[in-house]
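*Asks:* Make a model of this:
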Amino acid sequence: MSDVSVRKQRPKFLTLNEIRLPLPGIVSILHRVSGAGLFLMLPFLLMLFGKSLGSPESFAAYKEIVSNPLAKILLFGLLWAYLHHFCAGIRFLLLDMHKGLDLPAARQSSKIVLGVSLALTFIVGVWLW
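*Replies:* Here you go, the predicted structure:
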């Protein structure tokens, strides 16, 4: 017998389109993306908040900005980002307390996070629209 061990041929290039990320990994990445989006949009949200609380003229400017369909879509996306970040944050707190660490429970909790965040976004978005 030879002392040479057979090694698995490793890929030379990382092909991102062939990587199949499990659902808990997708929820984790969406948690980070939603947090970053909320952080980056904070000046816009604070500007809207300031206009809504200022004088009647600034409130009229606020209503004009918010009535724009693109602003509504942006605010709808920010609503999803907030609700997803909140729900996923609760999931990660439970994982930190060693609840639901096994694979079936992790998959189930990630499905719940996606379902609840999308349902709440739809309900609150329709109510606010």
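
*Asks:* Tell me, how many residues neighbour residue 124?
*Replies:* Neighbour count for residue 124, taken as other C-beta atoms under 10 Å: 15. Yep, even glycine has a C-beta here, placed from its N, CA and C like the rest.

*Asks:* gap between the nearest residue to it once chain neighbours are set aside and residue 126?
*Replies:* Spatial nearest neighbour of residue 124, excluding adjacent residues (C-beta to C-beta, 6 or more residues apart in numbering): residue 79 at 6.2 Å. As judged by C-beta to C-beta, to the nearest Å, residue 79 and residue 126 stand 11 Å apart.

*Asks:* So for these two, which sits in the more crowded spot?
*Replies:* Between residue 79 and residue 126, counted using other C-beta under 10 Å, residue 79 has the larger neighbour count: 17 against 9.

*Asks:* re earlier: wait, what's in contact with the residue nearest to residue 124?
*Replies:* 121, 124, 125, 128 (C-beta atoms under 8 Å, 6 or more residues apart in numbering).
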